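**Student:** Build me a model:
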Amino acid sequence: MNDDWIRVGSGVFQRRYQPLDISIGVVVGPTGLVIVDTRGNPAEAEEILRDVAEDFSLPVVAAVDTHAHYDHTFGNQVFVARGIPVYGHHRIPHHFARHEERRLEKVRNQPESEPDKQWADVELTAPTMLVDAPLRIEPGGRAVELLPLPPGHTDTDLAILVPDARVWFLGDVIEQSGPPMFGSGSFPLEWPGALRGLLQEIRSADVIVPGHGSAVDRAFVETQATQLQAVADEIRAAHDAGVAPSDVRLGRQLHDLWPDSFLRSAVRDAYARLSDG
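**Tutor:** The predicted structure is shown next:
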C-alpha cells in the first residue's frame, strides 16, 4: 500500500491531498469501501478513485460528505455518475443554493477572481442520501455512524464515526493544519456549543481526523472549542456594547490564532445572526 495512506484505526485510513491539505478517509469493510469526502473538482475525485483502486482490493460502495464546502463536495458528481451513493447532511442543497452555487457561477464568469479553481466541468451535485437524524449505515458490511451536528462551521456539518475502531471524521468542525475557517455560512456564536455537544460522544482514546491536517485527540478538540468560545464571547460583548461590526477589534490573543480576514468574517456572520434574532 502507498505510504500516503495513514492508518488511523483498524481498517480506517486517511490521506492528505493537495491542494489545501484536505483529509480523505477510507473505511474498509468486508465487501467494500466507504470514502469520506470527494475533494474540490471532478479531476480530484477521479484521483481518489484511482488511488483507492491501486491500494485496496475492494470496490467503493459509498461516499460521505462531511459538509457542503466546495473542497469536500465538488467531486460528488464523479461518484454519483458511477452509481455510488453519496451521504450528506440534509441541508447541503440549501447551502449549495446560498453559497457554493454563487461562488461557482462567479468563478465561471470571472475566472480571474480565483484562477486556481478548476471548475469548468463541475456539476453541482448534492448527496443522493440526505441525512436529517443520526443514521447507522453498513454499505460495505461494516458499521459507520452518521451524526448531523447543530450549526457550527456550517449548518451542514456531519460527524462520521467508525464505532468498532473509535475513529471520527469531523470535516472542518475542527482543523489541525490551520485555524478553523469562518465565513461561507459559518455560525461563530453557535460553533462552540456544537463542539461541546459532540465532545459528550467522544471518548478519551478516540482518534479524530480533521478536515485538514493530522489526526488529533479529544484534548485537541477541547482546546479548539475553548478558542472558538473566546471568539464568540468577544463578538457578543462587542455587540451588546453597541459597537458597530466595522469597529469591532478582537483581542490580540485571538489574532495570534486567526488571520484578521477570518476574524472579520466571524464578526460579520455573528452580527448577522444577532440582527436576525
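
**Student:** C-alpha only now, for contacts and for neighbours.
**Tutor:** Fine.

**Student:** next helix or strand past the longest helix along the chain?
**Tutor:** In the chain, taking DSSP state H as the definition, the longest helix is helix 218-240. Where DSSP states H and E defines the elements, the next helix or strand beyond helix 218-240 is helix 252-257.

**Student:** What would that next one look like as PDB? C-alpha coordinates only.
**Tutor:** Extracted in PDB, the C-alpha atoms of helix 252-257 (Å, rounded to 0.1, in the frame of the first residue of the first chain):
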ATOM      1  CA  ARG A 252      -4.500  40.100  20.400                       C
ATOM      2  CA  GLN A 253      -4.700  36.500  21.700                       C
ATOM      3  CA  LEU A 254      -7.300  35.700  19.000                       C
ATOM      4  CA  HIS A 255      -5.200  37.400  16.300                       C
ATOM      5  CA  ASP A 256      -2.400  35.200  17.300                       C
ATOM      6  CA  LEU A 257      -4.600  32.200  16.400                       C
END
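
**Student:** Pull up the per-residue confidence for the residue nearest to the spatial centre of the chain.
**Tutor:** Centroid-nearest residue in the chain, with CA atoms, centre = their mean: residue 171, separated by 2.9 Å. At residue 171, the model reports a pLDDT of 98.

**Student:** Next, the contact list for the residue lying closest to it once chain neighbours are set aside, please.
**Tutor:** Among residues not flanking residue 171 along the chain, residue 211 sits closest, at 3.8 Å (CA to CA, 6 or more residues apart in numbering). With contacts defined as CA atoms under 8 Å, 6 or more residues apart in numbering, residue 211 is in contact with 22, 23, 169, 170, 171, 172, 173, 174, 175.

**Student:** Does the third one touch residue 210 like I think?
**Tutor:** Same thing as residue 169. Yes. Between residue 169 and residue 210 there is a contact under CA atoms under 8 Å: 6.3 Å.

**Student:** Can you list the buried residues in stretch 138-155?
**Tutor:** 139-140, 142-155 (16 or more other CA atoms under 10 Å).

**Student:** so which of these comes closest to residue 180?
**Tutor:** Here the nearest of the buried residues of stretch 138-155 to residue 180, counting by CA to CA, is residue 153; it sits at 8.0 Å.
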